[in-house]
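Visitor: Quick one: sequence and predicted model below, then my questions.
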Amino acid sequence: MSTKQLLVSATVMAGLALGTSSALAQKKYDPGASDTEIKIGNIMPYSGPASAYGTIGKTDAAYFKMINDQGGINGRKINFISLDDGYSPPKAVEDARRLVEQEQVLFIFNSLGTPSNSAIHKYMNAKKVPQLFVATGASKWNDPKDFPWTMGWQPNYQTEAATYAKHILQTKPDAKIAVLYQNDDYGKDYLKGFEDGLGAKAKTMIVAKASYETSDPTVDSQIVQLQASGANVFFNITTPKFAAQAIRKAYDIGWKPVQYLNNVSASIGSVLTPAGLEKSKGVISIQYLKDSLDPKWKDDKAMKDWYAFMAKYYPEGNVKDGSNMVGYGVAQTMVQVLKQCGDNLTRENVMKQAASLKDFRTDVLLPGIKINTSATDYAPIEAMQLVQFDGKEYKAIGDVVGK
Amino acid sequence: MDAFLNQVFAGLATGGIYASVALALVMIYQATHQVNFAQGEIAMFSTYIAWTMIDAGMPYWPAFFLTIAIAFVLGVLIERVIVRPVEQAPVLSVVVVFIGLLVIFNSLAGWIYTYTIKVFPSPFPKEPLHVGDHFFSAHQLGAVGVTLVVLALLYAFFRYTPLGLAMRAAAQNPTSSRLVGIRVGWMLALGWGLAAAIGAIAGMMVAPTVYLDPNMMSGILLYAFAAALVGGIDNPGGAVLGGFMVGVLENLLGAYVIGNELKLAFALVLIVGVLVVRPSGLFGRVHVTRV
């Protein structure tokens, strides 16, 4: 080791020692952070086929505005720069480069979509810029060994699907299962988790699989195919519009299987109501957040706070849309991480604090679910509650499962 | 066999959707000899206008007809204000303008109404009709009926009214038409208005089936385009028939032959295939030009 290298490492060691012993005394910044500001980047599909989820970015922005109005985090205001990628991976790469190299953000937060995040995954890790709390449930975001700069937030699709598989094995071991899934990474991730969950019985139990493309006008034809298979259990892996179509069509053609619906589309307001509450009766899903339309949270403080937040900071947002609850919860988690960072706003410390959440609860999580992360566990929310829709609200089945 | 018939019925129902949008495409082509890519988005936007009125408490039918009127005016305005300045421009510039309109209307709808899906009411009975064991929703039957009525009106308009004749003439031979006293500019605007009005009807018939959201028409437009080309882009009846054919074929091929993954590819193959083999479509008139 040369003298210069020694000197550098000694300085770093000293810096680290100082940082841990007296974090308050020493202010440390990476690009994007200063005494007055924390610059956060974000990539959202405000246009294009997944634009329905763009509202998550707007909720994030509204939440940070509220935090700024309350004085910011440790005296620093959040500068939230949100770019549109139209759900197009090449555009997402362009956006990420612009955010990191031109805007010089401290990190990228809550960028949406499995394809877009996959596209910038390697870039962010090569640049050592945190890609935090991505808005997708793919299982690959929990890989601290190979991708130490990327972390998810919501329960991952495979775990969720395995939960349904387990429930089916327990309650209906002789089930004949039909699966409808979106023909992309998201749909296949769910399908894989589901098949893994059924284990050796997957081959015999799943009697029909049908896929659809987001460009299909309806999934009517697929539902007719699945009904014809004689299945008595239906696993519905679809985004909101198609979920509503599938539930309605199954009911209309007189197909009455036990229905499992992925959490992505479990919202009462934006899926079950359009499908028809009567037609949605009996649908089983999982939840980890409170549903804004569920009457049982009417007097819940967190829910009242959320409604007040929506009215004041995001009045044009739809309170029936579950995505706005997601945005609120994830932004709250982000603020907690930044609070923990104190005055050490380096990218390394942001990542370290994100990986040191202990029993943190955002107000909108269901009771009993906590966020825990560590250097080897990059999956913030791992617990979920099986629920069944009774025509009016979701009723819990059993206890919270998972960690 | 049962499943097969159900697939055919479901195909006829979606075919009805394609047919109604194809009709609007044919309308604008008849009047202007252009294919308007923003047609679907204008229809979607008109449907939101109808939704707003119904949501505010207006009964269905007044809202229905008022929307058609508004869409007509909107179409005329678009032609006068946006399309007219590029009238003499090369065809690619016009296409770019159409694509621009598509994006504008899509984003505008998302901005105003958000992307959450909305339930659009149907004027027809809610209870599904059961023909034996088979299912056909009353709305889908009604929508097919409406499409056929529009087709009949359109046919009569172009065939028997002087205005229809003048419009056809203006599209086919603007110079000569102008010489015989037809106001070609206004004929084009009228064509746009009518196409937008037909689009509005299509949108209001489609929305109860697929739910109303800003991306409602993006997939449908492609299938409708295939339908219009199969039937012949200058033949309203052919386009409607083409719509039903595409709907049924797409379902049957998807279910039994090529799999659901290739349904969209099927529409694209159909478009390319028709353009290569028989550009005028199955029922279209073959154009012969003296050179």
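Guide: All right, it came through fine.

Visitor: Show me which residues of the stretch 1-150 of chain A are close to chain B?
Guide: Selection of the stretch 1-150 of chain A residues close to chain B by C-beta under 8 Å from any C-beta of the partner chain yields A:46-47, A:49, A:51-55. Bear in mind the C-beta positions are built from the backbone N, C-alpha and C, glycine included.

Visitor: With respect to chain B, which of those is nearest?
Guide: A:Ala52 (3.7 Å; C-beta to the nearest C-beta).

Visitor: Find the nearest non-adjacent residue to that closest one, please.
Guide: Once flanking residues are discounted, A:Ala52 sits nearest to B:Tyr115: 3.7 Å by C-beta to C-beta, 6 or more residues apart in numbering or on different chains.

Visitor: give me every residue that touches that neighbour.
Guide: A:51-55, B:213-215 (C-beta atoms under 8 Å, 6 or more residues apart in numbering or on different chains).

Visitor: switch to 6 Å and redo it
Guide: For B:Tyr115, the contact set (C-beta atoms under 6 Å, 6 or more residues apart in numbering or on different chains) comprises A:51-52, B:213-214.

Visitor: Can you check the pLDDT for it?
Guide: pLDDT for B:Tyr115: 79.

Visitor: got it, and A:Val224?
Guide: The model's pLDDT for A:Val224 equals 89.

Visitor: List the residues that contact it.
Guide: Contacts here follow C-beta under 6 Å, 6+ apart; on that basis A:Val224 touches B:6-7, B:10.

Visitor: what do you get for A:Tyr314?
Guide: With C-beta under 6 Å, 6+ apart, A:Tyr314 has these contacts: A:59, A:62.

Visitor: And it, how close does it get to A:Ser323?
Guide: Look at A:Tyr314 and A:Ser323: by C-beta to C-beta, to the nearest Å, they are 11 Å apart.

Visitor: Check A:Lys201 too.
Guide: Applying C-beta to C-beta, the value for A:Lys201 to A:Ser323 is 35 Å.

Visitor: what about the closest residue to chain A within the stretch 151-291 of chain B, which helix or strand?
Guide: Per C-beta to the nearest C-beta, B:Gly219 is where the stretch 151-291 of chain B lies closest to chain A, at 3.9 Å. Assigned by DSSP states H and E, B:Gly219 belongs to helix B:216-231.

Visitor: same thing with A:Ala243?
Guide: Using DSSP H and E, A:Ala243 falls in helix A:240-252.

Visitor: same deal with A:Met66?
Guide: Here A:Met66 is assigned to helix A:54-69, by DSSP H and E.

Visitor: same check, this time on B:Gly110
Guide: Assigned by DSSP H and E, B:Gly110 belongs to helix B:91-113.

Visitor: Would you state the helices of chain B in chain order?
Guide: Per DSSP state H, chain B carries helices over the ranges B:2-32, B:39-55, B:60-78, B:91-113, B:138-160, B:162-172, B:174-179, B:184-210, B:216-231, B:236-252, B:263-277.

Visitor: now the contacts of B:Tyr115 as CSV including distance to A:Gly193, neighbour count and pLDDT?
Guide: Listed next are the contacts of B:Tyr115 as CSV, based on distance: C-beta to C-beta, whole Å; neighbours: other C-beta atoms under 10 Å in any protein chain shown; pLDDT from 0 to 100:
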residue, distance to A:Gly193, neighbour count, pLDDT
A:Ser51, 27, 22, 79
A:Ala52, 23, 22, 79
B:Asp213, 28, 25, 89
B:Pro214, 31, 25, 90
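
Visitor: give the contact list for the residue of the stretch 151-300 of chain A found nearest chain B.
Guide: As assessed by C-beta to the nearest C-beta, chain B sits closest to A:Ala228 within the stretch 151-300 of chain A, at 3.5 Å. Residues in contact with A:Ala228 (C-beta under 6 Å, 6+ apart) are B:Ala3.

Visitor: A:Gln259 too?
Guide: Counted by C-beta under 6 Å, 6+ apart, A:Gln259 has contacts A:234, A:283.

Visitor: now A:Glu278: how far from A:Arg248?
Guide: According to C-beta to C-beta, A:Glu278 stands 10 Å off from A:Arg248.

Visitor: With neighbour numbers in mind, choose between those two.
Guide: Taking neighbours as other C-beta atoms under 10 Å in any protein chain shown, A:Glu278 and A:Arg248 compare with A:Arg248 leading, 21 against 8.

Visitor: returning to what we had before: comparing A:Lys201 and A:Ser323, which residue is more hemmed in?
Guide: Higher neighbour count among A:Lys201 and A:Ser323: A:Ser323, with 25 against 17, using other C-beta under 10 Å.

Visitor: any idea how far that one lies from chain B?
Guide: 9 Å (C-beta to the nearest C-beta, to the nearest Å).

Visitor: pLDDT at that residue, what is it?
Guide: Taking A:Ser323 on its own, its pLDDT is 89.

Visitor: you'd agree it is up against A:Gly54?
Guide: No - with contacts defined as C-beta atoms under 6 Å, A:Ser323 does not count as touching A:Gly54, sitting 8.7 Å away.

Visitor: quick one: which helix or strand includes the spatially closest residue to A:Ala92 that is not a sequence neighbour?
Guide: Leaving aside its sequence neighbours, A:Ala92 sits nearest to A:Ser116 (C-beta to C-beta, 6+ apart; 3.7 Å). When elements are assigned from DSSP H and E, A:Ser116 belongs to helix A:114-127.

Visitor: So which bits of that helix are buried?
Guide: A:114-121, A:124-125, A:127 (16 or more other C-beta atoms under 10 Å in any protein chain shown).

Visitor: Residue numbers of the stretch 101-250 of chain B in contact with chain A?
Guide: For the stretch 101-250 of chain B, the contact set with chain A under C-beta under 6 Å from any C-beta of the partner chain comprises B:107, B:110, B:114-117, B:119, B:128, B:135, B:210-211, B:219-220.

Visitor: and the two most separated of those residues?
Guide: With distances taken as C-beta to C-beta, the most widely separated pair in these is B:Ser107 and B:Phe135, at 37.0 Å.

Visitor: What's the local residue count around B:Ala152?
Guide: 12.

Visitor: Which pLDDT value goes with it?
Guide: For B:Ala152, the pLDDT comes out at 92.

Visitor: Roughly how far does it sit from B:Thr116?
Guide: From B:Ala152 to B:Thr116 the distance is 37 Å (C-beta to C-beta).

Visitor: repeat for A:Lys395
Guide: From A:Lys395 to B:Thr116 the distance is 24 Å (C-beta to C-beta).

Visitor: Give me the more crowded residue out of those two.
Guide: Taking other C-beta under 10 Å, A:Lys395 and B:Thr116 do not tie; B:Thr116 has more neighbours (24 against 12).

Visitor: Which positions in the stretch 251-400 of chain A make contact with chain B?
Guide: Residues of the stretch 251-400 of chain A found near chain B (C-beta under 6 Å from any C-beta) are A:252-253, A:270, A:274, A:318, A:321.

Visitor: domain parsing for chain A?
Guide: A:37-155+A:299-382, A:157-287 (automatic domain parsing).
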